[in-house]
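**Student:** Structure for this input, please:
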Amino acid sequence: MKFSALFLSAALLLSGCSMSNTAKGGLIGGAGGGALGALIGQLAGKGKGAAIGAAIGTAVGAGAGVLIGNRMDKAKAAAEKIAAAQAEMLTADNGMKYVRVTFDSGILFGTGEATLSTQAKEALNQFAATVLNENKDMDVAIIGYTDNVGWKNCNKAQSQEKNRQLSQKRAQAVYNYCLAQGATTDQIKTVDGLGESNPVADNATKEGQAANRRVEVYLYASPEMIEAANAQAQ
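**Tutor:** Residues are numbered from 1 along each chain as shown. Below is the predicted model of the structure:
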């Protein structure tokens, strides 16, 4: 417990510093090492994300942490150049860095629809070419969300289920299009729709509802990437 508290404090302290994620990766890797089973454990909330990182159990040393941090920095920078995307660097509970790329569903889809717009295809073309296809050794998760607006002639439970199904179809549409642009089924590990859960804004406002209608794509180190980084760092 003392070690966990100390490591968490160090990770929080580092996240507030101005140093690059590459530098952070080295310090976190050196301090923590250990298993990566919980790498993406918190990404989708309510335990959903735990399965995404469940297969990752390789230890990461300080040198490998630097290399992985550098790769995540570059992936984030590439995603930031896409006009319809917002890229963020996040830190998992164990200190490992991963990237979240958010696409606004208002850009990707029409209201209540799961068919990609022309603008969405242009954005995903660029995303696949400059991010996914350039980082084949990163694992990927695609998660869809909706607002909590109900459906006509449906009660609350029925609307929640319809929203979950819609979010799943939207995530699947992004997945299918990325595959058509060169991504692989081995690379994209998870495609899920979580409906109204995990809102990022207040559903009581139109602006909040718009923010909650989104598709998130997560990029995180695969076991192969970790193994290669460990070997290179030796």
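
**Student:** ok, residue 179 - how many residues close by?
**Tutor:** Residue 179 is flanked by 15 other residues according to other C-beta atoms under 10 Å. Every C-beta, even on glycine, is put in place using the N, C-alpha and C of the backbone.

**Student:** now residue 137
**Tutor:** 15.

**Student:** which residue sits farthest out from the middle of the chain?
**Tutor:** Largest separation from the mean C-alpha position in the chain: residue 153, at 34.1 Å (C-alpha atoms, centre = their mean).

**Student:** what comes up buried for the particular helix or strand that has residue 166 in it?
**Tutor:** Per DSSP states H and E: residue 166 is located in helix 156-180. Neighbour-count burial for helix 156-180, with 16 or more other C-beta atoms under 10 Å as criterion, is recorded at 159-160, 162-164, 166-168, 170-175, 177-178.

**Student:** Describe which strands the helix or strand just after that helix pairs with in its sheet and in which direction.
**Tutor:** Counting by DSSP H and E, the element after helix 156-180 in chain order, helix or strand, is strand 188-193. For strand 188-193, the pairing partners within the sheet under DSSP bridges are strand 138-145 (parallel).

**Student:** chain center to the strand it pairs with: distance?
**Tutor:** 5 Å (C-alpha atoms, centre = their mean, to the nearest Å).

**Student:** Name the spans of this protein whose pLDDT lies under the cut-off.
**Tutor:** For the chain, the stretches with pLDDT under 70 are 1-62, 92-95.

**Student:** so where do the helices sit in it?
**Tutor:** Listed in chain order, the helices found in the chain under DSSP state H are 2-15, 21-32, 62-80, 105-108, 118-127, 156-180, 206-212, 223-233.

**Student:** With just CA atoms, put the third one into PDB.
**Tutor:** This points to helix 62-80. The C-alpha coordinates for helix 62-80 follow below in PDB (Å, rounded to 0.1, in the frame of the first residue of the first chain):
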ATOM      1  CA  ALA A  62      13.200   3.000 -17.600                       C
ATOM      2  CA  GLY A  63      14.700   2.900 -21.100                       C
ATOM      3  CA  ALA A  64      11.700   1.200 -22.600                       C
ATOM      4  CA  GLY A  65       9.500   3.800 -20.900                       C
ATOM      5  CA  VAL A  66      11.400   6.600 -22.700                       C
ATOM      6  CA  LEU A  67      11.000   4.900 -26.000                       C
ATOM      7  CA  ILE A  68       7.300   4.200 -25.600                       C
ATOM      8  CA  GLY A  69       6.700   7.800 -24.300                       C
ATOM      9  CA  ASN A  70       8.400   9.100 -27.400                       C
ATOM     10  CA  ARG A  71       6.200   7.000 -29.700                       C
ATOM     11  CA  MET A  72       3.100   8.200 -27.900                       C
ATOM     12  CA  ASP A  73       4.200  11.800 -28.300                       C
ATOM     13  CA  LYS A  74       4.600  11.300 -32.000                       C
ATOM     14  CA  ALA A  75       1.200   9.600 -32.400                       C
ATOM     15  CA  LYS A  76      -0.500  12.400 -30.500                       C
ATOM     16  CA  ALA A  77       1.200  15.000 -32.700                       C
ATOM     17  CA  ALA A  78       0.100  13.300 -35.800                       C
ATOM     18  CA  ALA A  79      -3.500  13.100 -34.600                       C
ATOM     19  CA  GLU A  80      -3.500  16.700 -33.600                       C
END
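
**Student:** Same question for it: list its buried residues.
**Tutor:** So for helix 62-80, counting by 16+ other C-beta under 10 Å, buried means 62-76, 78-79.

**Student:** Distance from it to the middle of the chain?
**Tutor:** The answer for helix 62-80 is 14 Å, by C-alpha atoms, centre = their mean.
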